[in-house]
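In: need a 3D model of the sequence below.
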Amino acid sequence: MSIFNEIFKEKQQRQVKIPKIRLTWMKTITIALCFIIDIADYFGLAIPYLGDIADIFLILMLTKYFGKDAWIANTIQSIEILPGADILPLSIIAALILLYGEYKKTRPQL
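Out: Next up is the predicted model:
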């Protein structure tokens, strides 16, 4: 019986637990806003000054709720201000970078 116990213990140790990303409501809303603003850029928010105001607003929200961790996402998001860059899905890329950063914080160190 002890061999089976050892095999069972070894099997339990090999199982990888997937960490849960802990996001507050405001962080979740901010990431959802990244997707919404990027989709809105395709459907008419690309008006020269109106779209830029929305992009700057999103940069400020990312900074407020993610702090120093959002510097890469803010750099990518600031490219949206350039004329013609509204075609690129930069807000979605910024949101994915933020989600990866939150995942990296909760991931167990090996």
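In: hmm, which helix or strand of this structure has the shakiest average pLDDT?
Out: helix 2-14 (a mean of 68; mean pLDDT, DSSP states H and E).
In: what does the helix or strand following that one rub up against?
Out: Counting by DSSP states H and E, the next helix or strand C-terminal to helix 2-14 is helix 25-42. Identification of contacts with helix 25-42 by Cβ atoms under 8 Å, 6 or more residues apart in numbering yields 23, 45, 51, 54-55, 58, 61-62, 65-66, 77, 80, 86-87, 89-92, 94-95, 98-99, 102. C-betas here are computed from N, CA, C, even on glycine.
In: for the helix or strand following helix 25-42, packing partners?
Out: Toward the C-terminal end, the helix or strand that comes next after helix 25-42 (DSSP H and E) is helix 48-66. Packing partners of helix 48-66 (3 or more Cβ pairs under 8 Å, 6 or more residues apart in numbering; DSSP states H and E): helix 25-42, helix 71-78, helix 90-106.
In: what would these look like in JSON lines with distance to Ile7, mean neighbour count and mean pLDDT?
Out: Listed next are the helices and strands packed on helix 48-66 as JSON lines, based on distance: least, Cβ to Cβ, whole Å; neighbours: other Cβ atoms under 10 Å; pLDDT from 0 to 100:
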{"stretch": "helix 25-42", "distance to Ile7": "42", "mean neighbour count": "17", "mean pLDDT": "85"}
{"stretch": "helix 71-78", "distance to Ile7": "44", "mean neighbour count": "18", "mean pLDDT": "89"}
{"stretch": "helix 90-106", "distance to Ile7": "30", "mean neighbour count": "18", "mean pLDDT": "86"}
